[in-house]
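In: What follows is a predicted protein model with its sequence.
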Amino acid sequence: MINFEHTLTKTIEKGDILLKQGDIAKHGYLVKNGCLKSYSVDNAGKEHIMQFAPETWMVTDLDSFTNQVPSLVFIEAIENSEVLIISKSDFKDISSLEKEAVVDIANKFRNNLIASNKRIIGLLSATAEQRYTDFTETYPTLVQRLPLKLIASYIGVTPEYLSDIRRKITKK
């Protein structure tokens with residue numbers, strides 16, 4: 001587990017917003033228990049889920065966190081959660097960190113990048129059924145934990161259509 005000098009463990013309640021679109025991301029969040037989501041809201045008010053962060057996943061707006069520009073996403077707890085809050089100062093002198101912490105954080109960022117790339121490719125070229133299958137492979141622990149509307153939002157379909165997809169897959 002990552003153990004930075006300035007980290008703080010905090011209990012977050014379902015519905016708490018940790019980052020608002022337009023604010024500067026001052027922290028990254030490593031989920032110890034529970035689940036967070038990052039999402040954007042378009043001009044019509046529709047929510048678009050970018051990423052889920054269940055146990056052991058990290059989430060932040062990396063561009064905002066790194067470059068101190070306005071965040072493009074919200075980060076919200078979708079379950080009561082316990083998170084490790086990682087500050088920008090934890091990354092200033094990476095040479096002072098233990099090798100295991102550096103490797104752990106690099107692996108988490110790598111896994112987030114891999115998941116994001118697969119998600120983008122899926123949104124561009126996969127069917128809704130394939131996107132759902134990819135979701136179940138990326139987030140196997142969330143399939144039964146999340147409401148259908150959140151999963152549907154993530155894969156870009158209505159909850160009703162997601163129910164049809166799940167029935168179709170079950171019949172196979």
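Out: Structure received.
In: quick one, phi/psi of Leu150?
Out: In this entry, Leu150 is assigned phi and psi values of phi -70, psi -40 (degrees, to the nearest 10).
In: Can you spell out the domain ranges of the protein, please?
Out: Under the assignment automatic domain parsing, the domains of the chain span 8-125, 128-172.
In: Sticking with Ile105, tell me its helix or strand.
Out: helix 99-125 (DSSP states H and E).
In: Show me the helices in this protein, by range?
Out: 62-67, 89-92, 99-125, 128-138, 148-155, 159-171 (DSSP state H).
In: deepest of those helices, which one?
Out: When neighbours are counted by mean count of other Cβ atoms under 10 Å, the highest per-stretch mean among the helices of the chain falls to helix 148-155, a mean of 19. Every C-beta, even on glycine, is put in place using the N, C-alpha and C of the backbone.
In: what stretches of the chain score poorly on pLDDT?
Out: In the prediction, the chain carries residues with pLDDT under 70 at positions 1-6, 90-97.
In: Leu18 and Ile86: what is the separation?
Out: With distances taken as Cβ to Cβ, to the nearest Å, Leu18 is found 12 Å from Ile86.
In: circling back to that earlier point, redo the helices of the chain as CSV? Include distance to Ser40.
Out: CSV is the format used below for the helices of the chain (distance: least, Cβ to Cβ, whole Å):
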stretch, distance to Ser40
helix 62-67, 12
helix 89-92, 24
helix 99-125, 13
helix 128-138, 18
helix 148-155, 11
helix 159-171, 19
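In: Nearest to Val31, out of those helices?
Out: helix 99-125 (10.4 Å; Cβ to Cβ).
In: so what sits against both of Leu18 and Ile86?
Out: His27, Tyr29 (Cβ atoms under 8 Å, 6 or more residues apart in numbering).
In: Could you tell me how many residues sit around the spatially closest residue to Asp61 that is not a sequence neighbour?
Out: Taking Cβ to Cβ, 6 or more residues apart in numbering as the measure, Asp61 lies nearest to Ser71, with 4.1 Å between them; neighbours along the chain are not counted. The number of residues packed near Ser71 is 21, by other Cβ atoms under 10 Å.
In: Report all helices and strands that the helix holding Ile105 contacts.
Out: Packed against helix 99-125 by the contact rule (3 or more Cβ pairs under 8 Å, 6 or more residues apart in numbering; DSSP states H and E) you find strand 47-53, strand 58-59, helix 128-138.
In: Show me what the last one is packed against.
Out: So the one you mean is helix 128-138. Against helix 128-138 (3+ Cβ pairs under 8 Å, 6+ apart) you get helix 99-125, helix 148-155, helix 159-171.
In: try the second one
Out: Taking 3+ Cβ pairs under 8 Å, 6+ apart as contact, the helices and strands that strand 58-59 lies on are strand 27-33, helix 99-125.
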